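# Fold the stuff below for me.
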Amino acid sequence: MCRWRHVRCIYLRCNHAENLPPQEIKCQSTHCKFSPNHPADCAPPLCTRTCNQYHLFPEHYSMPCSLS
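Numbers count the residues shown, from 1 in each chain. Model prediction:
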């Protein structure tokens, strides 16, 4: 299933942190409403019964960054 990825960039020299914009990570499932492989002709009410209508829990990462 598709999910959101949240990355926090930590600058080591000044110890400043910045949240980067969330990224949507797409899955390859045909049964996920947000997937690029979800059939275009899949529509309610069938879609709401057979396909996932929500994202998985988001991924959270902190990573060191350097000033350029």
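
# now residue 5: how far from residue 63?
11 Å (C-beta to C-beta, to the nearest Å). From N, CA and C alone the C-beta is placed, and that goes for glycine too.

# So for the two, which residue has more residues nearby?
Using other C-beta atoms under 10 Å, the more surrounded residue of residue 5 and residue 63 is residue 5, with 13 against 9.

# correct me, but that one touches residue 21?
No - between residue 5 and residue 21 there is no contact under C-beta atoms under 8 Å: 10.1 Å.

# what's the average pLDDT for the longest strand belonging to the chain?
Ranked by number of residues, the top strand in the chain under DSSP state E is strand 3-11. Mean pLDDT, strand 3-11: 96.

# where does that strand sit relative to the chain's centre, distance-wise?
Relative to its parent chain, strand 3-11 has a centroid offset of 11 Å by C-alpha atoms, centre = their mean, to the nearest Å.

# other SSEs contacting it?
Secondary-structure packing of strand 3-11 (3 or more C-beta pairs under 8 Å, 6 or more residues apart in numbering; DSSP states H and E): strand 16-19, strand 23-25, strand 59-65.

# would JSON lines of those with mean pLDDT be doable?
Compiled in JSON lines, the helices and strands packed on strand 3-11 are given as follows (pLDDT from 0 to 100):
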{"stretch": "strand 16-19", "mean pLDDT": "94"}
{"stretch": "strand 23-25", "mean pLDDT": "97"}
{"stretch": "strand 59-65", "mean pLDDT": "94"}
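
# Tabulate those strands (CSV), appending distance to residue 47.
Below are the helices and strands packed on strand 3-11 laid out as CSV (distance: least, C-beta to C-beta, whole Å):
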stretch, distance to residue 47
strand 16-19, 33
strand 23-25, 19
strand 59-65, 26
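
# okay, those, which one's buried deepest?
Burial of those is given as mean neighbour count (mean count of other C-beta atoms under 10 Å); strand 23-25 ranks first at a mean of 13.

# Name the next helix or strand downstream of it, please.
helix 46-50 (DSSP states H and E).

# May I see the buried residues of that next one?
Residues of helix 46-50 classed as buried by neighbour count (16 or more other C-beta atoms under 10 Å): residue 47.
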